[in-house]
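Student: what follows is a predicted structure for the sequence shown.
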Amino acid sequence: MQVKRIAGALGAEIKGVDLGQILTPEISIVIRDLLNEHEVLFFRQQAIEPAQQRDLAAIFGPLQTHPAYGTVAGIPEVMILESTVDKPSKIEVWHSDMTFRQHPPSVTVLRGMVIPNVGGDTLFASMTSAYDALSEGMKVYLEGLVAVHDFAQGFRESLAEPGGRERLGAALEENPPVRHPVVQVHPETGKKVLFVNALFTTHIEGLPPLESSALLDFLCQHAALPEHTCRFQWTPDSVVLWDNRSTQHKPVNDFLPAPRCLHRVVSEGDQPY
């Protein structure tokens, strides 16, 4: 196995591993340790089947489904993220996956199926690095604060479409707003991370609206500073694993009219971290 770091804050490209093979307990432990160290892992030339992708994500825990995306036939854990001219992606901001859940995903496994010739990269940011770079005064201020995360905010554009509320009505009912600490402790590394994002976080409890908005704006901009980030250029059959507890990501939707299709599986995390 060869490990090559790709940025100072996070990210490593892994070679010499066939994710299509049954992963031994020893290899599974190595992958988990590498993910704890680098926060996002990149694998290329991995022509795995949806069931193999599901099994890969399962080494990190029980799997979750998503109420708003289609899935692979017979394998509901494998979500289809497709963007075309007729149905372009509406998610264009930095976020962690599904923080509107009481137990957001711990790890996301994403595989490139249909990749445009140009564009469609994904940016990743380390919330460990972002927290560490805060001033000591800001760290003290944030300690103990709680933020609200809401499915309705993240999917407000889809809800505003004709028939959107009917289509996503069950998802709205099943996912009321939830509360998460602004600063969390990673359950495996013990490191502190920021846990707010521009897609799902609506406000910080106990603060006046203007102060809450200003603080969230600052934290989201701070988290996305270049020194906390890395960038991945997709190729067909690329597979990316990232720690959803300690990273955010942002799709770069600069590839239309070319289509793009990705398969995603997520494992369930703890709450609170």
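Tutor: Alright, I've got the coordinates.

Student: what about the helices in the stretch 151-273 of the chain?
Tutor: 151-154, 156-160, 164-167, 169-174, 209-223 (DSSP state H, counting those that start in this stretch).

Student: of those helices, which stretch is the most buried?
Tutor: Mean neighbours per residue, mean count of other CB atoms under 10 Å, is largest over these for helix 151-154, with a mean of 21. Just so you know, the C-beta spots here come from the backbone N, C-alpha and C atoms, and that holds for glycine as well.

Student: put the alpha carbons of it into PDB.
Tutor: Below are the C-alpha coordinates for helix 151-154, written out as PDB (Å, rounded to 0.1, in the frame of the first residue of the first chain):
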ATOM      1  CA  PHE A 151     -33.500  19.400   6.500                       C
ATOM      2  CA  ALA A 152     -35.900  22.000   5.300                       C
ATOM      3  CA  GLN A 153     -33.100  24.600   4.900                       C
ATOM      4  CA  GLY A 154     -30.800  22.300   3.000                       C
END
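
Student: what residues does it touch?
Tutor: For helix 151-154, the surrounding residues in contact (CB atoms under 8 Å, 6 or more residues apart in numbering) are Ile91, His95, Phe100, Leu159, Ala171, Leu172, Asn175, Pro177, Leu199, Phe200, Thr201, Thr202.

Student: reformat these as JSON lines; add pLDDT.
Tutor: Putting the contacts of helix 151-154 into JSON lines (pLDDT from 0 to 100) gives the following:
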{"residue": "Ile91", "pLDDT": "84"}
{"residue": "His95", "pLDDT": "96"}
{"residue": "Phe100", "pLDDT": "93"}
{"residue": "Leu159", "pLDDT": "68"}
{"residue": "Ala171", "pLDDT": "78"}
{"residue": "Leu172", "pLDDT": "79"}
{"residue": "Asn175", "pLDDT": "84"}
{"residue": "Pro177", "pLDDT": "94"}
{"residue": "Leu199", "pLDDT": "95"}
{"residue": "Phe200", "pLDDT": "96"}
{"residue": "Thr201", "pLDDT": "97"}
{"residue": "Thr202", "pLDDT": "97"}
